[in-house]
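Visitor: Just a sequence and a predicted model for now, questions to come.
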Amino acid sequence: MLFALAATRHHNAEENFVEVFHKKTPSQNVFIVLDALHQSEEESPWLSAASACRTLILFIFAASISCSVPTRRISINMISMGESMSNRARARRYSRIAVGGVLCILTVMWTVSAAPQWNVSKGWGESPRNATEAARFLEYSTWGPTSDSIAYLQQVGYSRFLDEQFEAPMSSYPDFPIVPNTRPTDCVDTCQRDNYTVYPLQTRFYTNALYGSDQLRQRVAFALHQIMVVSAVDIPMPGRLAPYLQTLDRNAFGNFRQLLYEITLNPAMGNYLDMAGNRATNPNENYAREVLQLFSVGLTQLNPDGTPRIGGDGQPIPTYDQSLVNSFARVFTGWDFAAPPQTGVTNYFVPMVATQSRHDVLAKTLLQGVTLPPNQTAAKDLSDALDNIFNHPNVGPFIAKQLIQHFVTSNPNPAYVRRVADVFANNGAGVRGDLRAVVRAILLDDEAYAYAAPPDFSKGHLKHPILLVTNLLRAFNVRSADGLGLSDGYLNPQNQAMGMDLFAPTSVFSYFSPSTGIPGGLRGPEFGVLNTSTAIRRANFVNTMVFSRIAVSTNSPAGTALDFSSLQPLANTPEQLVLTLNTLMMSGRISTADFDAIVAAVRVVPATNSLRRVQTAVYLIATSAQYQVSR
């Protein structure tokens, strides 16, 4: 197979192809080439036309041999029998050879010129065409592909896989014991860690991500956390933050309007953005400003495809002004924490409640000129205001683009945003804001599938530290340090060193701003936490996990290690080992140059040390730029 040969770089296979061509006629060889090209389209879509050139040259050479060698052998045999051929016969023979050779070469040249067309997107289809397609889809929809999940997706297809993910039981987070607002003096060490830091939430996050069945729900909830931010910097107690995280989990596949309502009245959000205790006598603008700017409509009026609307002055048209922020701030007055469950404990466990006497009852002008009448209750004003936000035409493209950025690519085409925004506006059954339908549309869109050769470097996104951690660990059957049990999930120090402290983003703009740019006028939000220091720490993390482990300690009672035992039987055939890792880790995207370099590096390791051979290959792939950017 032409492209499979180039992909695997099997030098022995090259010799075999020459032998095959020796035994075939020129016309048969043309069909061998065309059949190989057809198979390669299915098996190695990652391969660029340039990477096939070496193999195409081999085919030209082999085709020439196939056209000439048999005739030469006949001629030798005839001479040995004392027979000779006339000059005319010899001329006819060489004329046929020349025509056959030219046909072989022209056929191969035609395939080269046609090669880029094979990389045109065909869409996902009903089921993955091969393991690399399955792995790629799982990169978007889970915390990282595993060998088992790749095989399962190939078996059941995309639609059933998504349906099962939508219905999978929630991993989520437990309810924590009620503890006093102020830590008792005798609550130290593990008591302090488990009740007054987010350590138990962070470890639970990772055990969910590594082992939970509800992979897609977790990915969606974490994306929503990055949009509707609450930070442990201000709310470090796990019992206070857990209900916020449960809200995101519960509504990940629900309706955006309900999510907006629940997140607005969540006590942790009320604390973080100062809606709790907001009074008519001195309205606080924080929640009003952020719910508009970051959670729903954004600063600029948008076209349905997410591009900004431009006014007559050539500038983007603002979505709202300060007067509207003031009006929404007045809408959100009168709300505060519910009654404490016990003395000295603020109630973060149930939604905030309204006190009508503290609510601004004057008329309020909202988005698109909608006016709320005077003397409404706090609950009625809130409901009407959230309807006003929810029904604004910006919400669909604004949320669609951000979710696409989190799952697929930092720079989606406007047409992609438009298609997903259309689903947000109407799920096909007349329902607006159906996040389940939105997520399905994002993942199954042709642009999520589309690939190009050479690669389109404007597509994809840098794996943020948490995604880097989960991708690497899930790929290799992550276990406890002794290999006998499961990881305890104590991994936040690893991603924290890489610039991302789980559940403790530094500002309301999250761990990194969605508007972070990179050279070339492109968006690259995750590059906001990549610098010379964190780049080195990424490599250090890979080194720790591949060649060592996270040892047992007070905070890590089980530790964490990778299991390479299933790959060690492949160590004697480095090409097959790297090809397998290419599917599992790279979704088939590894470059030919990197493939060759990694195979060469593996060969340097003595064949008797199978574990070190596997570790070498995994380390070189996981520290490569191609692995760190999901495309």
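Guide: Cool, got the structure. Keep in mind the model is a prediction, meaning the values are calculated, not measured.
Visitor: contacts and neighbour counts: CA atoms only from here.
Guide: Fine.
Visitor: And for Thr554, the neighbour number?
Guide: Thr554 is flanked by 9 other residues according to other CA atoms under 10 Å.
Visitor: what does Gln568 give?
Guide: Applying other CA under 10 Å, we find 16 residues neighbouring Gln568.
Visitor: swap in Gln246?
Guide: 18.
Visitor: In what element of secondary structure is it found?
Guide: Assigned by DSSP states H and E, Gln246 belongs to helix 238-251.
Visitor: now the angle from the helix or strand following that helix to helix 238-251?
Guide: The C-terminal neighbour of helix 238-251 among helices and strands, as given by DSSP H and E, is helix 256-264. Orientation note: helix 256-264 sits at an angle of 170 degrees relative to helix 238-251 (axes from the mean of the first three to the mean of the last three CA atoms, to 10 degrees).
Visitor: what's next to helix 256-264, contact-wise?
Guide: 244, 247-248, 251, 269-270, 351, 383, 386-387, 390, 433-435 (CA atoms under 8 Å, 6 or more residues apart in numbering).
Visitor: 6 Å instead?
Guide: Residues outside helix 256-264 that contact it (CA atoms under 6 Å, 6 or more residues apart in numbering) are Asn251, Gly433.
Visitor: ok, now stretch 368-375?
Guide: Here stretch 368-375 makes contact (CA under 6 Å, 6+ apart) with Val361, Leu362, Ala363, Lys364, Thr365.
Visitor: And stretch 334-341, by the same measure?
Guide: Residues from elsewhere that reach stretch 334-341, judged by CA under 6 Å, 6+ apart: 276-279, 346-347, 352-356, 358-359.
Visitor: nearest to Asn130, of those residues?
Guide: Ranked by distance to Asn130 (CA to CA), the contacts of stretch 334-341 are led by Met352 at 50.2 Å.
Visitor: What residue, apart from its backbone neighbours, is nearest that closest one spatially?
Guide: Nearest non-adjacent residue to Met352, counting by CA to CA, 6 or more residues apart in numbering: Phe337, 4.7 Å away.
Visitor: what's the burial count for that neighbour?
Guide: 23.
Visitor: Can you pull the poorly scored residue ranges out of the protein?
Guide: Residue ranges of the chain with pLDDT under 70: 1-122, 451-455.
Visitor: Break it down into its domains, please.
Guide: 2-117, 278-334+341-392, 395-449, 461-547, 568-630 (automatic domain parsing).
Visitor: Any idea how far apart the tips of the third one sit?
Guide: Domain 395-449 stretches 25 Å from its first residue to its last (CA to CA, to the nearest Å).
Visitor: Out of the contacts of stretch 368-375, flag the one nearest to Ala378.
Guide: Taking CA to CA as the measure, Ala378 lies nearest Val361 of the contacts of stretch 368-375, at 7.9 Å.
Visitor: what are the phi and psi angles of that closest one?
Guide: Backbone torsions of Val361, given as degrees, to the nearest 10, read phi -100, psi 10.
Visitor: Against Val220, how distant is the residue nearest to the spatial centre of the chain?
Guide: For the chain, the residue nearest the mean C-alpha position is Tyr140 (3.8 Å; CA atoms, centre = their mean). For Tyr140, the distance to Val220 equals 10 Å [CA to CA].
Visitor: So for the residue nearest to the centre of the chain, what's the nearest residue that isn't a sequence neighbour?
Guide: Phe407 (5.2 Å).
Visitor: close enough to count as contact, that neighbour and Thr142?
Guide: No. With contact defined as CA atoms under 6 Å, Phe407 and Thr142 do not form a contacting pair (9.4 Å).
Visitor: of those two, who's got more company?
Guide: Thr142 (27 against 22).
Visitor: could you list every residue that touches that one?
Guide: Shown in contact with Thr142 (CA under 6 Å, 6+ apart): Gln215, Leu216.
Visitor: before we move on, what about Gln154?
Guide: Pro128.
Visitor: In three-state terms, label it for me.
Guide: Three-state call for Gln154 (DSSP: H, G, I helix; E, B strand; the rest coil): helix.
Visitor: what sits up against stretch 309-317?
Guide: Under CA under 6 Å, 6+ apart, the answer for stretch 309-317 is Thr300, Gln301, Leu302, Asn303, Pro308.
Visitor: tilt between the host helix or strand of Thr207 and helix 238-251?
Guide: For Thr207, the enclosing helix or strand under DSSP H and E is helix 199-211. Comparing the axes of helix 199-211 and helix 238-251 via the same axes, to 10 degrees yields an angle of 30 degrees.
Visitor: Now do whichever helix or strand comes after helix 199-211 against helix 199-211, angle only.
Guide: Later in the chain than helix 199-211, the nearest helix or strand by DSSP H and E is helix 215-227. Angle between the axes of helix 215-227 and helix 199-211 is 140 degrees (criterion: the same axes, to 10 degrees).
Visitor: Alpha carbons of helix 215-227, as PDB, please.
Guide: Taking Å, rounded to 0.1, in the frame of the first residue of the first chain, the C-alpha atoms of helix 215-227 are listed here in PDB:
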ATOM      1  CA  GLN A 215     -16.300  11.900  29.700                       C
ATOM      2  CA  LEU A 216     -18.200  14.300  27.500                       C
ATOM      3  CA  ARG A 217     -20.200  15.800  30.300                       C
ATOM      4  CA  GLN A 218     -17.000  16.500  32.200                       C
ATOM      5  CA  ARG A 219     -15.400  18.200  29.200                       C
ATOM      6  CA  VAL A 220     -18.500  20.400  28.600                       C
ATOM      7  CA  ALA A 221     -18.800  21.300  32.300                       C
ATOM      8  CA  PHE A 222     -15.100  22.300  32.400                       C
ATOM      9  CA  ALA A 223     -15.600  24.400  29.400                       C
ATOM     10  CA  LEU A 224     -18.500  26.100  31.000                       C
ATOM     11  CA  HIS A 225     -16.400  26.700  34.100                       C
ATOM     12  CA  GLN A 226     -13.900  28.500  31.900                       C
ATOM     13  CA  ILE A 227     -16.700  30.700  30.600                       C
END
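Visitor: heads up, I number from 52, so please use that
Guide: In the new count, where the first residue is 52, that last one comes out as helix 266-278.
Visitor: Need the contact partners of it.
Guide: With contact meaning CA under 6 Å, 6+ apart, helix 266-278 is reached by Ser192, Thr193, Leu299, Asp300, Ala303, Ser561.
Visitor: and the fifth one, backbone torsions?
Guide: The reference is to Ala303. Main-chain torsions, Ala303, degrees, to the nearest 10: phi -60, psi -30.
Visitor: Next, count neighbours for it.
Guide: Neighbourhood size, Ala303 [other CA under 10 Å]: 25.
Visitor: how about it, what does it touch?
Guide: Contacts for Ala303 were tallied using CA under 6 Å, 6+ apart; they are Val271, Ala272.
Visitor: any idea how far it is from Ile229?
Guide: Note on Ala303: its distance to Ile229, by CA to CA, is 26 Å.
Visitor: Let me know the distance separating the residue lying closest to Asn302 once chain neighbours are set aside from Ser192.
Guide: Of all residues not flanking Asn302 in the chain, Leu310 sits nearest, at 5.7 Å (CA to CA, 6+ apart). In this view, Leu310 and Ser192 are 21 Å apart by CA to CA.
Visitor: quick one: which of these two has more around it?
Guide: In this view Leu310 and Ser192 are compared by other CA under 10 Å, and Ser192 has more residues nearby, 24 against 19.
Visitor: Identify the spatial nearest neighbour of that one, chain neighbours not counted.
Guide: Leu267 (5.3 Å).
Visitor: what's the answer for Asn528, then?
Guide: Per CA to CA, 6+ apart, closest to Asn528 is Asp614, 5.5 Å.
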